[in-house]
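Colleague: Show me how the following folds:
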Amino acid sequence: MTISQNRFLPPVLSLPDLDALEWKSMAEMIRFRENSRPKELLDEQVIVKQMGKRQIVLIADPVAAEEILFRRADQFPKAAIQKKLGHAAFGPGLSGTVGAQNQRQRHAFKPLMVGEQVRIMAEVAKEAADAAVSRYLKAGRIDLGYEMAELAMQIIWATLLGPGRYEGRDPIVAEVITELYAHPKGDFISATGIVRRLADHFEESGRWKRLADDNPLAAITNPDGWTGKHPMSQEELRANAVVMAASGHVTTGLTLAWSAWLLGLFPDDQRRVVQEVDNDEHQESGSFLRQVVNETLRLFPPGAETMRDALSTMQVADQTINPGDLVIVSFYALHRHHRLWQNPDAFQPQRFAAESPEPVMPTAFLPFSGGPGGCLGERLAWAEMLAVLGTLFRHTRVETDPVEADKVGLCPGTCIYPEGALRAQLHPR
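Modeller: Numbers count the residues shown, from 1 in each chain. Okay, the predicted model is just below:
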């Protein structure tokens, strides 16, 4: 599988050598930054480093990832330190809980992530994208990073935090995104304070009254909380309103932005997508658009890594994981590993075609994590992304300037953000 030398290489993280890596504190170590992860992880299965009295184990091996996240998930639960960070940001919601409490919440929200809700998400996403495209074409040149973040939040506002239909662009959502977009990307805890204002508005305005009966957030003002089969306290509901708004828009919005930006750099790939869209084939299981999105998720996984506390012993290559170790499964390293992918830093959607030898095994590609702690909204995200991108390329031709694109770097944080605007010129088709 070869790549033409004139194909643009997307931005990469400049990681330090292991010998030059110094963690001065646990708070510094747990934050995914360019200077906090060793570049050897792109070649090795496992890297072990001591942090005070605790051993930190960095994993970039698909077999070990399968054991930790799927087969032995009960022996490698969400790390207490990750739960602590999630709780500090969101409160006792899905991101800030572990164990039985977390599973109870997941069961309560699962009906909103499958079945009829997937169809509703796709319809709302198409209507919202149709309206947004008209605005994009009037502007001509847009920042895809900002616009896709707002569009994703408007879709969440209409579905998980709304009546299940698109009722036009909400100015309050736009205001929140404008403030969030200008906020430092690495400071996610204070950023959630901005999102919390939107969740407060959801509650104070009475918008919750318009939710479907099976949406637990419809009980957000009930002192007794959600009293369904999988009950939640009012405090848990309020926390999850913030989780739905924050997590639901940033991960999907980033993937939409990166996907459209990359297709703007590769006209041949964009033409293939357009042909599928014109023939209504873009949502099929083996579509090229799905390959594009998968390749985007590989290069820029919405979550760069996940942390687990080891409760039992496990061998990875020549290293031993011991009880008490902090285990970090690096999705960024898995997805760009030199031994798992050919030309790992290149944008090559065809590597996800049915006949491709890549990925070498399913757990070499984990954009939504996996196992009991995997992303609850994966099916909703796919419905939204395919609907938005299908609508965008049905009506526009996206053009990205390669000279300008070459200046875009990466800003790692909870997600992998662009360092700079993802600018593109949109032309009517």
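Colleague: pretty sure Leu422 contacts Lys407?
Modeller: No. Taking contacts as CB atoms under 8 Å, Leu422 lies outside contact range of Lys407: 11.3 Å. C-betas here are computed from N, CA, C, even on glycine.
Colleague: Can you list the low-confidence ranges for the protein?
Modeller: The chain contains residues with pLDDT under 70 at 1-6.
Colleague: Can you show me the strands along it?
Modeller: Using DSSP state E, the strands of the chain run over 46-51, 54-59, 141-143, 305-309, 314-316, 319-321, 326-330, 396-399, 409-412, 416-419, 423-428.
Colleague: Between Leu422 and Lys407, tell me which one has more neighbours.
Modeller: Using other CB atoms under 10 Å, the more surrounded residue of Leu422 and Lys407 is Leu422, with 24 against 10.
Colleague: How about the contacts made by Ala212?
Modeller: Pro163, Gly164, Ala218 (CB atoms under 8 Å, 6 or more residues apart in numbering).
Colleague: contacting residues around Ala333?
Modeller: Contacts of Ala333 by CB under 8 Å, 6+ apart are Arg37, Leu41, Leu42, Leu58, Ala60.
Colleague: Now with 10 Å, please.
Modeller: Residues near Ala333 by CB atoms under 10 Å, 6 or more residues apart in numbering: 13, 15, 37-45, 47, 58-61, 304-305, 340, 344.
Colleague: With Val114 instead?
Modeller: Residues near Val114 by CB under 10 Å, 6+ apart: Leu376, Gly377, Glu378, Arg379, Leu380.
Colleague: Give me the buried subset of those.
Modeller: Among those, those classed as buried by 16 or more other CB atoms under 10 Å are Leu376, Gly377, Arg379, Leu380.
Colleague: For stretch 220-234, list every residue counted as buried.
Modeller: Buried residues in stretch 220-234, defined by neighbour count with 16+ other CB under 10 Å: Ile220, Gly225, Trp226, His230, Met232.
Colleague: What of stretch 302-320?
Modeller: Pro302, Gly303, Ala304, Glu305, Thr306, Met307, Arg308, Asp309, Ala310, Met314, Val316, Gln319.
Colleague: just stretch 68-88 next, same as before
Modeller: Those would be 68-70, 72-73, 75-79, 82-83, 85-87, for stretch 68-88 by 16+ other CB under 10 Å.
Colleague: Between the two ends of that stretch, how far is it?
Modeller: 25 Å (CA to CA, to the nearest Å).
Colleague: and if you look at stretch 344-362?
Modeller: End-to-end for stretch 344-362, by CA to CA: 16 Å.
Colleague: quick one: it to chain centroid distance?
Modeller: Taking CA atoms, centre = their mean, to the nearest Å, one finds stretch 344-362 lying 20 Å from the centre of the chain it belongs to.
Colleague: got it, and stretch 134-148?
Modeller: So, by CA atoms, centre = their mean, the centroid of stretch 134-148 is 21 Å from its chain's centroid.
Colleague: Same question for stretch 121-132.
Modeller: The chain centroid and the centroid of stretch 121-132 are separated by 20 Å under CA atoms, centre = their mean.
Colleague: and the gap between Asp170 and Thr178?
Modeller: Using CB to CB, to the nearest Å, Asp170 is found at 13 Å from Thr178.
Colleague: what is Pro412 paired to in the beta sheet?
Modeller: Following DSSP bridges, Pro412 is listed with bridge partners Ile416.
Colleague: Could you give the number of residues near it?
Modeller: 22.
Colleague: need the contact list for it.
Modeller: Pro412 makes contact with 13, 15, 31-37, 185-186, 304-305, 332, 419 under the criterion CB under 10 Å, 6+ apart.
Colleague: re the thing from before, of all the buried residues of stretch 302-320, which two lie farthest apart?
Modeller: Of all pairs drawn from the buried residues of stretch 302-320, the widest gap by CB to CB lies between Pro302 and Gln319 and measures 27.9 Å.
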